[in-house]
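> 3D model of this:
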Amino acid sequence: MRVILLEDVKKQGKKGDIINVKDGFGNFLINNKKAVMETKGSKKVLDIQNAEAEALALKELEESKLIKKSIEKLTLHFKVKVGKGDQVFGSISTKQISMELKKHNIDIDKRKINVNGSINTLGTTNVEIDLHKDVKAILKVHLEK
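Here you go, the predicted model:
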């Protein structure tokens, strides 16, 4: 029996895959709404869904590239308190960076901001931001007294 998977099935395949299975397992997958029987109609629906998914992925990639250009033009400035020998009290967090980016109309989730170590020295530090699996932007963060 040939079925089209509607979701990932462990050791069988990923969503959208067409696989050969024994009749009993195929019925189990169909009854649990994890697969549908492969027919001409279901194959056409799968092709349409795949085309839509590709178009959406391409659109997300293009948007990420535009956001990357605007991020790389920016330098975020933070005023921090310092002690003896220009020792910074505390550090700048990813949440603070995310909030500052929102002021520039760029909405980035703080979990996508990669800070190597911590930002706790005066001067400019480069921070990597994951916008897409293929697109990473470098943001300059500047700490000043």
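> so how far is the helix ranked longest in the chain off the chain centroid?
In terms of residue count, the longest helix belonging to the chain (DSSP state H) is helix 40-73. Relative to the centre of its chain, helix 40-73 is centred 13 Å away, using CA atoms, centre = their mean, to the nearest Å.
> Mind listing what's buried along that helix?
The neighbour-count check on helix 40-73 (16 or more other CB atoms under 10 Å) flags Leu46, Ser64, Ile67, Lys68, Ile71 as buried. Backbone N, C-alpha and C define where each C-beta goes, glycine included.
> what do you get for stretch 93-105?
Thr94, Gln96, Ile97, Ser98, Glu100, Leu101.
> Identify the residues contacting it?
Contacts of stretch 93-105 with the rest of the structure, by CB atoms under 8 Å, 6 or more residues apart in numbering, involve 70-71, 74, 76, 78, 107-111, 113, 115, 127, 139, 141.
> Swap in 7 Å and give it another go.
Leu74, Leu76, Ile108, Asp109, Lys110, Ile113, Val115, Val127, Val141 (CB atoms under 7 Å, 6 or more residues apart in numbering).
> again with stretch 64-83
Residues contacting stretch 64-83 (CB under 7 Å, 6+ apart): 88-89, 92, 97, 100, 104, 106, 129, 131-132, 135, 137-145.
> change it to 8 Å
For stretch 64-83, using CB under 8 Å, 6+ apart, the contacting residues are 88-90, 92, 96-97, 100-101, 104, 106, 108, 122, 124, 129, 131-132, 134-145.
> Buried ones among these?
Counted by 16+ other CB under 10 Å, those give 88, 92, 96-97, 100-101, 106, 108, 129, 131-132, 135, 137, 139, 141, 143 as buried.
> Dump the buried residues of stretch 93-105 to JSON lines, plus secondary structure and pLDDT.
Output for these, formatted as JSON lines (DSSP: H, G, I helix; E, B strand; the rest coil; pLDDT from 0 to 100):
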{"residue": "Thr94", "secondary structure": "helix", "pLDDT": "91"}
{"residue": "Gln96", "secondary structure": "helix", "pLDDT": "92"}
{"residue": "Ile97", "secondary structure": "helix", "pLDDT": "92"}
{"residue": "Ser98", "secondary structure": "helix", "pLDDT": "93"}
{"residue": "Glu100", "secondary structure": "helix", "pLDDT": "92"}
{"residue": "Leu101", "secondary structure": "helix", "pLDDT": "92"}
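> Thanks a lot, catch you later.
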